[in-house]
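**Student:** missing the sequence, but the structure's below:
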């Protein structure tokens, strides 16, 4: 798959009164297949830069978003407005079962890219663990070579 798109990812996680924000800008592939759109990119382990993971964000026709992360700590995160999904995270310490409730979804994706915004909460054994925001912007690299 050609990585001919620029992907900007901003994630915010709030636990009690403390918030953390991550930002990532990378090359990605962006394809449409069977009515769904797929954004695929590589992430690198901050502890071991030689390790990389492939992440795919699938946006289905009905607005369901699935974030699939491969590697040693794999997971599939299902985000669907108004629905609580149970997701399992595989970690080096074992499997963790989480509840994921999606509060809002904004999808503005077209053939040449666009934006995706999701607000969701994560719970562990029905106790709120965090509130989360995910924002993705994808655009053709040839239109924006310097990422400006």
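**Tutor:** The structure has been received and is ready for your questions. These figures come from a predicted structure and were not determined experimentally.

**Student:** separation between residue 84 and residue 52?
**Tutor:** The spacing between residue 84 and residue 52, counted by CB to CB, to the nearest Å, is 31 Å. (C-beta placed from N, C-alpha, C; glycine too.)

**Student:** what about residue 9, distance to residue 57?
**Tutor:** On the measure of CB to CB, residue 9 and residue 57 end up 9 Å apart.

**Student:** out of those two, which sits in the busier spot?
**Tutor:** The neighbour count for residue 9 versus residue 57, taken as other CB atoms under 10 Å, is higher for residue 57 (25 against 21).

**Student:** what's near enough to touch the closest residue to that one other than its chain neighbours?
**Tutor:** Spatially, and ignoring its direct neighbours in sequence, residue 57 is nearest to residue 39 (4.4 Å; CB to CB, 6 or more residues apart in numbering). Residue 39 is in contact with 5, 7, 28, 29, 30, 56, 57, 59, 136, 138, counting by CB atoms under 8 Å, 6 or more residues apart in numbering.

**Student:** what bits of the protein have low per-residue confidence?
**Tutor:** Residues of the chain that meet the criterion pLDDT under 70 lie in 1, 45-46, 71-74, 143-148.

**Student:** Spell out, range by range, the helices that occur in it.
**Tutor:** Ranges of helices in the chain, per DSSP state H: none exist.

**Student:** In it, which residue is most central in space?
**Tutor:** residue 67 (5.0 Å; CA atoms, centre = their mean).

**Student:** Now do the contacts for that one.
**Tutor:** Counting by CB under 8 Å, 6+ apart, residue 67 has contacts 55, 56, 57, 75, 76, 77, 79.

**Student:** hey, what's it bridged with?
**Tutor:** Beta-bridge partners for residue 67, by DSSP bridges, are residue 57, residue 77.

**Student:** distance of it from residue 121?
**Tutor:** 15 Å.
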